Structures are given as structure tokens and as C-alpha cells.
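Asks: Below are the sequence and a predicted model for it; my questions follow.
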Amino acid sequence: ENVDPQRTAFLLRKQWTLYSVSPLYGFSNAQLRDYARLLSAFIAAEKQKGLAVEVGVELDIKVAVSSLPDLKGSDQDQAAILVQLSSRSPASPKNSEEKLVWLGWFCCVAGDDLSQNVPEDFTCLPLFLANGAESYTSIVGSWFQKTFDCCFRRLAISPLNLSWMAAMWTGCKVEKTASAMELVFSVPCLPQPLDISYAIHPEDAKALWDTVQKTPGEITQEEVDVFMDCLYSHFHRHFKIHLSATKLVKVSTAIASAHCDGIVKFLQSQYLTGVLMLLTELAISQIQ
Amino acid sequence: MDETVAEYIRRTVLKIPRDEIKTMLQKWGFLSETQLQTINFHQIKENISQDVVQLCEENSANIKQAAVLDIIYNHIYPNKRMWSVYQMNKRGEETEIFDLTDFKKKFKRRLRSALKNVTINFREYEDNAIWIRIAWGTPYTKPNQYKASYVVYHSQTPYIFISASMLRSNLPLLCQALVVASNYHDIREMELRSHSLNSLKDIVFKRYSQNFQTYCPRPLQERNVAPESADLRIIHENKSEKERIQRVNQEVFGDGPQPKLEFAQYKLETMFKSDPKIDVLDKKEPFRCLVKFSSPHLLESLKSLAPAGLADAPLSPLLTCIPQKARNYFKIREKKGLFPGSFVSP
């Protein structure tokens, strides 16, 4: 996992919306330039049709498609594919700065479960992450679906998976100045909705997890349950509220944050691949 | 008329919902009724504000006059701001008659002696509330009208409500001026903050219905219970438990509407204790947490938790004490000694 932190720094601290993508048919790494050209034409055509992406602003959208070979788990994985949309307002001169308006990337980290079971002509890139306007995501998604006969679906993250993330990420070693381990719970179905933020000092959270986890490098469901129960009972002791009966909607640690609507943020390049591995697994279970 | 005044009036009018603009201008009273008749209040706000500025130009408005419109706006829409509560203390028992003129004079004098560039406006309301608007400058710059502070003082009480939105460095000066002007000895900030100014007043003036401990030998049957099903084989599950929860909730929260707060924050520095069967963390140091509850109407929300099955009844006193203690920021530490399970909130 020798990910060059400089090459992936641009992925950090951005809000990514997650999708699962079924295997792409007829995709080739050698044709990325062509894909950029075709996608660019598609976007221009959509704009002509009046499906304006930005009201009142005439923007020239330029598309770049490239490969991110660093982002994969094993050699069996496909290299990640990055799609960048930049714009230049027609008013400014030809060689002026282009502004990045949308970013999306496909990846597969330790996706053997899926890639081992698909025929030759299919490419497995089950996880898609998008940052930028929903309207662009929609256009890019449509083009990929049409061109490679695949299917994009929003990836939701269940409270069960969020607690796994909480336990796993709490266990990671971080510097002294790490941010708190925060769990956010929502109770929407009351006459007045309630949100509860429960943030634990990262050292104390890690100390608790370390006494729960029996084998380093391995995590069991039972250990995750014990960890969460401890946090719930400490809360109950003070407030008499059963957090286990509410909905866990967000987990935030120094490593990464994840929201049940399928929105994540990566905060440390050191653990980027690890988090992607988990997300790839979630995407694959949604596809299968 | 100064350009900055014109711009300030324009921006203030733009904040007002279109249907309210005419009434607010009438309350302001700076433009005559005849002048107001010339404005078309059905056009877009941009144009209305331009017309207002034009008329103010005719009357040569100055910044102090413009500031009055701003106070009126904030008095009608106080919930757009975040308010903190302060309490003043008197040294002795002497109750002096409150003299408004004296208060204003002393306040202005104290502020101006430290800071030349301030805009100060007062406005009194029927409920004995004195509203003060202060725009702060520096020795070298004119006051920033867009970051004014607001103070609401009920002269019969020791409580002051402040919406600061300014450099923290000016706060001590403001507090000092208030203490001096009102003939008190000192002032301290309470751990109570909310957007709802009226709810803060309800809490500190004890205007909400409090829960009095009543002796009830049997459950009261005041509530209208839905008519029982004619079929005697159908019963409500856990009926007595549900009734107990309702009763306890009522004792703890009182019967009337709760004051409106949006959040409560608890800094926990208590020990982590777990089920002794589970072999987990047994540190000698506190398990440090920060818990924040948020809701459009927090106390009503908390009140509904036990009936919804999400919490025990009675709810923890850490939550139910909020109105009585008049605070929504807490630091909780373990109480040492006889009762290790109880908490102390300094």
C-alpha cells in the first residue's frame, strides 16, 4: 500500500457522494483520451438540448479522463479512473486558468470477490465517488451507463456499517492533535426532531477500543457490538436515553467521516486505501 | 446624506420581508405618511429600497436615525440572532429607583470615555425592556454598522441579554458600562444561550410553568383517555407503565409549554464504568466526551423521548434541570465520596 501521499492529496478533505457501479462492458484503459472527447461532446449536446447545467452562465466544459494507478489494493484490481470537468468562461482568453467544476473517480480496492466472477470483457470498478454539482454527476453517469451498459446506484451506509467504521477507524494510530471520534444520532419521528452528537476524546476512544479488540489486525462483529454497547451505556448512565434505539447517521474520526446517505470524507492519505477497501466491499454487496 | 448611510438604509430595508416594509417604516416614523404614500410597495424589494433611500436623502438622514430602523427590525426579528444571558449583582440590599435618563447618560459616558467612535442608540418598549444598539469603531476607524451589538435590559431585573457579533475585546467594556450605568457591582455570563430571546426571558424570569412536586396518592385521571374498545378482550399493552411514564413526565417537565431552546451541550469528565462482566477499560482517568443535543424545540423533544420508548422515565436530571438552572452549557464531573454514581455540575 505505497500510496504516494502527494499524488492523492487532492482527494482529501473533499465531500464525496458514493455510488455502486456494475461492471463496465467494453471499457479499455487505452482509450481514455477518446472517452474524454466523447463525454465532452455528450455534455455539449446535453447543454444544446436545453438541459442547462448552470443557469445564466455559458460555460465551456472541458473533460479529462486519466488513470490513478496508485489507488488499488492488489494487482488484480483495476487502476482507478479519474474524470475531471473544468470550465473556462468564453469571455476569458484562450489560455487562461481553467477552473475545476466537478470531479469523479471509479475505483476498486481488493475487489476480488467481484472481479473473479465476471467474464473477460467486463471491467470491475464498483465504487464511484463524485464531488461537485449533482447535475454534472447525472450527465457523466448517464454517459457511462449508455456507453458501457452499466448501472449506477447511490450507495447508502447502514448504521451497522457505520459502527464498523467507528470501531475500525478509532483503532487507527494518529497524532496527538487528532480530532474527536464523533457519532451523530438522529431521532426524526418525534413531534420535534432531535439530533444528538456524541464526541469522545480520540485517546480515550482508542483506549476503550484497545481493551475490546482481542487480536490486532482482526475485528469481529462481537467486538464492534461490545464497543458500541460500552459507548451507549456510558451515555445512558448520564442521560437515561437509549442511543441504541435511535438512528446512527454519521461517524467522524481523524481518519475519515461517513454519513448514512453515502457521503464520505477522507482525512488522512495514510489510511486512504484502507477506507476504500471497506467502501469497495459495501459497493460490491450492493451490486450483487 | 452620507453614502455609507444611504447604503446602510438600503441594506436594512432589503432584510425586511416585503409585506412588512411599510409597517416598519411607519413604526420608524422618519418618513412622513405623505412620503410613504409615494412608494409602490408591490414592486421588487430592490426598487422599494432605492425609493426609500431617495426619500431619506430628501430628509437628510444621519446614521443615528438609520440605526433606529435597525433596532426596530431586530426587535421584531430577534430570533435571527444568538443571545447570551448575563446576570448582575448588587453589593448591598439598597434598591434604588431606576432612572432611565441617568442610566443612558452614564452608559454613554462610560463607553465614550474609552472609545470615541461608537454609535449608541436606545429604544424603550412597553414591557420595561430597554434595547441598546452599539456599533463599534476603533480610534482610527468609523463604527462598523453591520456588526452592531444589541443589549436588552429589563430594568426591574438583574438580567441582561446580549447579542454580541463583535470583537470579543469590546465585551468587557460593554459589560463595565452596563454595570456602572445600572448601579450594580459586577456582572457574570450565565451558561445560557439561544436564538429565542423570549424563551431566555421565560427561563430567567421563571415565566414558564414549573414542575412543583405534588403529593399524589393515586394517579390523577384528568386526561381524556380514548374510549376503550367495546371488546373486553382487547387491552392496552403495558397500560400501567405508559400511565406511569406520563405522570412522571408531567411531574418533571410541568404541564405548560416549555421554553424554546435549540441546543444543550455537556462536557463530560466522568469515569467510564461498564458492566463488570465485560472486561473493558478500567482507567483511573475520566472518559472525556462532549455531548450536544439539538432540536428546533429541545425541551419538547426531550419530553417526548420517554413516551416514545427511547428513554427511561424520569429522564436524567442533567436534562430536566435546564430551565431551573437557567443554563444549557454544562461541565459534568464525577462526584467524589459517598455516592459515586451521582454527578456534580459546577
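Replies: Right, received. Where do you want to start?

Asks: Which strand or helix spans A:Q84?
Replies: A:Q84 is part of strand A:80-88 when elements are defined by DSSP states H and E.

Asks: Can you give me the neighbour number for A:T170?
Replies: 26 (other Cβ atoms under 10 Å in any protein chain shown). Placement of C-beta: from N, CA and C, glycine included.

Asks: Return the residues in contact with it.
Replies: By Cβ atoms under 8 Å, 6 or more residues apart in numbering or on different chains, the contact list for A:T170 reads A:M181, A:P202, A:A205, A:K206, A:L208, A:W209, A:F227, A:T253.

Asks: The fourth one touches A:G171, doesn't it?
Replies: Yes: taking contact to mean Cβ atoms under 8 Å, the distance of 6.6 Å between A:K206 and A:G171 places them in contact.

Asks: returning to what we had before: now narrow the contacts of A:T170 to whatever sits close to chain B.
Replies: Subset of the contacts of A:T170 in contact with chain B: A:L208, counting by Cβ under 8 Å from any Cβ of the partner chain.

Asks: Okay, strands next: where are they in chain B?
Replies: If DSSP state E is used as the criterion, the strands of chain B fall at B:83-89, B:118-124, B:129-138, B:141-154, B:159-163, B:186-194, B:263-270, B:287-294, B:329-334, B:343-344.

Asks: and chain A, which of the ones you listed is closest to it?
Replies: strand B:287-294 (3.8 Å; Cβ to the nearest Cβ).

Asks: re the thing from before, which of the strands of chain B has the lowest mean pLDDT?
Replies: The weakest mean pLDDT among the strands of chain B belongs to strand B:343-344, with a mean of 58.

Asks: quick one: the top helix by length along chain A to strand B:329-334, angle?
Replies: The longest helix of chain A (DSSP state H) is helix A:221-239. With axes from the mean of the first three to the mean of the last three Cα atoms, to 10 degrees applied, the angle from helix A:221-239 to strand B:329-334 works out at 110 degrees.

Asks: The helix or strand just after helix A:221-239 packs against which elements?
Replies: Later in the chain than helix A:221-239, the nearest helix or strand by DSSP H and E is strand A:247-252. Packing partners of strand A:247-252 (3 or more Cβ pairs under 8 Å, 6 or more residues apart in numbering or on different chains; DSSP states H and E): helix A:159-170, strand A:181-187, strand A:256-259.

Asks: Could you export these to TSV, including columns for mean pLDDT?
Replies: What follows is the helices and strands packed on strand A:247-252, written out as TSV (pLDDT from 0 to 100):
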stretch	mean pLDDT
helix A:159-170	94
strand A:181-187	96
strand A:256-259	96
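
Asks: right, and those - which one's nearest B:P314?
Replies: Closest to B:P314 of the helices and strands packed on strand A:247-252 is strand A:181-187 (Cβ to Cβ; 18.5 Å).

Asks: For burial, what's the neighbour tally of B:L302?
Replies: By other Cβ under 10 Å, 28 other residues sit near B:L302.

Asks: With B:E241 as the reference, measure out to the residue of the stretch 101-250 of chain B found nearest chain A.
Replies: Closest residue of the stretch 101-250 of chain B to chain A, Cβ to the nearest Cβ: B:V248 (11.3 Å). Separation of B:V248 from B:E241 (Cβ to Cβ, to the nearest Å): 11 Å.

Asks: And these two? Which one has more around it.
Replies: B:V248 (15 against 11).

Asks: which one is the more buried one nearest to, not counting chain neighbours?
Replies: Once flanking residues are discounted, B:V248 sits nearest to B:A313: 4.4 Å by Cβ to Cβ, 6 or more residues apart in numbering or on different chains.
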